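> Sequence plus predicted model, see below.
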Amino acid sequence: MNVLIAYDINVERHGELKEELLDSGFFNAWTDSDNVKHDLPNTTLWIPNMIDVAQARSIYKAAVETVNRGGNPDDTIETTKFVAVNAVSFLGAPSNNNS
C-alpha cells in the first residue's frame, strides 16, 4: 500500500530530516497518468509498498533517530504532530516546474 505522512517537528531541521526520509524511500512528489508532476507540501511525503501505516511510521522514527545522532543535542528533533494514512489515490495542483 502507499502511505502518506505529514508531520511537524519542534526545531528548524526540516531539510535534514526530509533528506533522510527521501533517502529512506519516501517521495515528495508524484507524477499522474498524464505525466504531470505534483509536489506535496513541505512536511508531507509518501512511500510505496508498505505492509501497513505502522511500517511507514517506523521508517519515519528511524530517520528522526538517524538525524538526531548527527546533530547538536540542543537541537534534538521531537515530533509534535504526525499522521500516516493509506493513500489510495492522489489529486493535486501541478508543480510550478512542469514543462
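Good, I have the coordinates. Numbering: from 1, shown residues only.
> how many other residues sit next to the residue nearest to Thr43 when sequence neighbours are not counted?
For Thr43, ignoring the flanking residues on the chain, the nearest one in space by C-beta to C-beta, 6 or more residues apart in numbering is Tyr7 at 5.3 Å. Every C-beta, even on glycine, is put in place using the N, C-alpha and C of the backbone. Tyr7: 21 surrounding residues under other C-beta atoms under 10 Å.
> so what strands line up beside the helix or strand containing Tyr7?
Here Tyr7 sits within strand 3-9, counting by DSSP states H and E. If you go by DSSP bridges, strand 3-9 pairs up with strand 44-47 (antiparallel), strand 79-86 (antiparallel).
> Give me the residues contacting that strand.
Residues outside strand 3-9 that contact it (C-beta atoms under 8 Å, 6 or more residues apart in numbering): 17, 26, 41, 43-47, 50, 52-53, 55-57, 60, 64, 77-87.
> Can you show me the helices along the protein?
All helices of the chain, identified by DSSP state H, fall at 14-23, 53-69.
> want to throw those into JSON lines with distance to Lys37 and mean neighbour count?
Listed next are those as JSON lines, based on distance: least, C-beta to C-beta, whole Å; neighbours: other C-beta atoms under 10 Å:
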{"stretch": "helix 14-23", "distance to Lys37": "15", "mean neighbour count": "16"}
{"stretch": "helix 53-69", "distance to Lys37": "22", "mean neighbour count": "17"}
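> Distance to Ser95 and mean pLDDT added to these, as a markdown table?
As requested, the helices of the chain are exported to a markdown table (distance: least, C-beta to C-beta, whole Å; pLDDT from 0 to 100):
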| stretch | distance to Ser95 | mean pLDDT |
| --- | --- | --- |
| helix 14-23 | 16 | 96 |
| helix 53-69 | 23 | 97 |
